[in-house]
Every structure is written in C-alpha cells, then in structure tokens.
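S.K.: let's see this in three dimensions:
(2 chains)
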Amino acid sequence: MSDFDHSAIDELLQSRVRLAIVAFLASAGQADFSLLRDAIKTTDGNASVHLRKLEDAGYVAMEKRFANRKPQTTYALTERGRKALLDYVAHLEALLPPKKARNK
Amino acid sequence: MNEDAVRDDIAFIRRTMEQGRRVVGAWGPDVLVWGIAIAIGYFGTYARVRGYWTIDPDWLWLACILLPWAYTLRRLPARLFARQPDAPAERGLASPLAMQWFACGIFLTILGLATIFSGDRDPWWINPAVAGVMGIGFFASSFLSNVAWLRWVGIAWWVGEVALFALRQRPEAFLLAGALMLVLLAVPGFVLMRGRRECP
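M.R.: Residues are numbered from 1 along each chain as shown, chains lettered A, B, ... in the order given. Next comes the predicted model:
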C-alpha cells in the first residue's frame, strides 16, 4: 500500500494558487520567484505564503543564489511534488464518468 | 466536488502547464552554444579543404563536440548527488524535451566521433543526416514545448538537408552546413533564451 496521504493532497492542492504553482513548475522545470508570481497572477505576499506551505510539505525546493550581484530565489518541483500533482490529476480524472458514459 | 468543478480543475491545470512549457526556453543557452560550436567546426573544415589553413580539422571537431557537451552537462554532478525526495526533480514533466535532445546529441556525437576515428574523409552523407536529425529534433520539440515556430525551424532543417544532399562532395556543403548551424540552431537558441526572460 502506498504511504502517500490523500487527505494531504487535497488540503495542499485544493488551493488554486498552490495548484497553479505546482502545475507551472511541473512543465517549466524551475522558475524564479518573480516569474512564478507573474505566472500565477498574484502578489508577492500571497505567493510567498503559498510557496512556503509547498516547501514545508516538500513539494517544491527553493534555491537562493546571486545573479549579477542581485539575490535570486529559484523554485523547482520536487519528486514528491510531481507525484502529488500526478496523483491529484489521476484523482480528478477518476471522479469523471467513464468516456462511454460521457459520450452518450 | 461536482463534474463541472472537476473539469474546471483539469482545464486549469492544463492551462497552467501550457504556460509553464513556454519557459522551456531554458534550453536556449545550450542550443546557442551548440550552434556556434558546430558552425565553427564546419567553417574550419571548409577552410582546411580550401587550403586557407593547415590545422587538422579532427582536432577542431573534437573540441567542437566535447566543449559543448561539457557545457550541457555542467549541472549533472549536482543532480547525481541530490537524489533525496526533496531534491529538485530533474526537469519536472519537461524531461521528454530534454531527453529527446539528449538522444539526438548522443546519436550525432557517435556519428561525429566515428567519422574522426575511422579516418573516412569523404562522408558526403553525414551533413544531410545531421540536418535530418536536427529537423526531427526541432519538429518534435515544437509539439513537446508548445512553441509553434519551432516546427518551421524543423522544416527549414529538412529543406537544408535536401540542399546539402544536392551539394554533396562539394566543399560548399561545409559552408552551407555551418550557415545552417548558425541560422537554424544558434539563432533559435538565442530567441528561446530571450523568450524565457520575457515569459509569461
């Protein structure tokens, strides 16, 4: 039996902002804070709060570095985060009626 | 959760992921470096064939193949030593794109090294073959990354393949291959790099 906690997925990814962060990073690979904030169309504070929650859950990894002497914070999806997103999508798809039934 | 809400959630994830794919321009710098390096290899070979210089092009090609690989694989050690579950996933779900180019790179490197070490000095088919593989790479990338203009780059490579075949066994083939590397590899790499900064 998988040790993955489904109630934890729901709690973390049911927020649209957190779901957007995870989905964006899943396809982008990694993104710096400003790119991510603009992509999910939110404020600095809101993005920070949600990123912290995802980071605490181990869904995203943060890296701080300097680019041209300016601090830059980069986020990437972790394997745990990627699995959570895939499980969440699978969970959503399972809630839909089978294709045959939908086509009727 | 009703059916409409579920569909809405799935559509939202799909839209966000499409937005993220546009950032896949992260491979722009690598494409730029490879385009310039291989173009130098071709121009050097042309110069040698024409007698403009006397340096053995095999050494030039070794440098033009190995140095871009060193650049492309610069982050590999960090990835190999960061295998914990909380470590960054290698490329997220964008890994098919990276792996596709990695496979193309392996194929072309084997082809290039085989030519160098076999001493075959008349491999007329290699230039069209390289152009064909580049066409496949760009065409497939356009669908993997949702960057539509890349498919036209792929098609342009295939047109270049035909032109290289027409010029086979003529020194100008090296000149054309070098120009294709600059225009259809280095320039797209530069554009992808720029697009990454401007995205989304």
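S.K.: and the gap between the most centrally placed residue in chain B and chain A?
M.R.: Taking C-alpha atoms, centre = their mean as the criterion, B:Val31 is the residue nearest the geometric centre of chain B, at 5.1 Å. According to C-beta to the nearest C-beta, to the nearest Å, B:Val31 and chain A sit 15 Å apart. The C-beta positions use only the backbone N, C-alpha and C, and glycine is treated the same way.
S.K.: that residue contacts B:Gly189, doesn't it?
M.R.: Yes: the criterion here is C-beta atoms under 8 Å, and B:Val31 meets it with B:Gly189 at 3.0 Å.
S.K.: residue numbers of chain A in contact with chain B?
M.R.: Within chain A, the positions near chain B by C-beta under 8 Å from any C-beta of the partner chain are A:16, A:19-20, A:23-31, A:35, A:38-40, A:58, A:61, A:63, A:76-82, A:85, A:89, A:92-93, A:95-97.
S.K.: sort out for me which of those residues are in strands.
M.R.: Within the residues of chain A next to chain B, residues falling in strands by DSSP state E are A:Gln30, A:Ala31, A:Ala61, A:Glu63, A:Ala76, A:Leu77.
S.K.: mind giving me a markdown table with these and columns for neighbour count, distance to B:Ala140 and pLDDT?
M.R.: Below are these laid out as a markdown table (neighbours: other C-beta atoms under 10 Å in any protein chain shown; distance: C-beta to C-beta, whole Å; pLDDT from 0 to 100):
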| residue | neighbour count | distance to B:Ala140 | pLDDT |
| --- | --- | --- | --- |
| A:Gln30 | 21 | 22 | 73 |
| A:Ala31 | 25 | 24 | 81 |
| A:Ala61 | 23 | 29 | 92 |
| A:Glu63 | 12 | 30 | 86 |
| A:Ala76 | 20 | 24 | 86 |
| A:Leu77 | 31 | 23 | 87 |
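S.K.: in what element of secondary structure is the residue lying closest to B:Ala179 once chain neighbours are set aside found?
M.R.: Among residues not flanking B:Ala179 along the chain, B:Ala39 sits closest, at 7.5 Å (C-beta to C-beta, 6 or more residues apart in numbering or on different chains). Following DSSP states H and E, one finds B:Ala39 within helix B:28-50.
S.K.: cool, A:Asn46 as well?
M.R.: Going by DSSP H and E, A:Asn46 is part of helix A:44-56.
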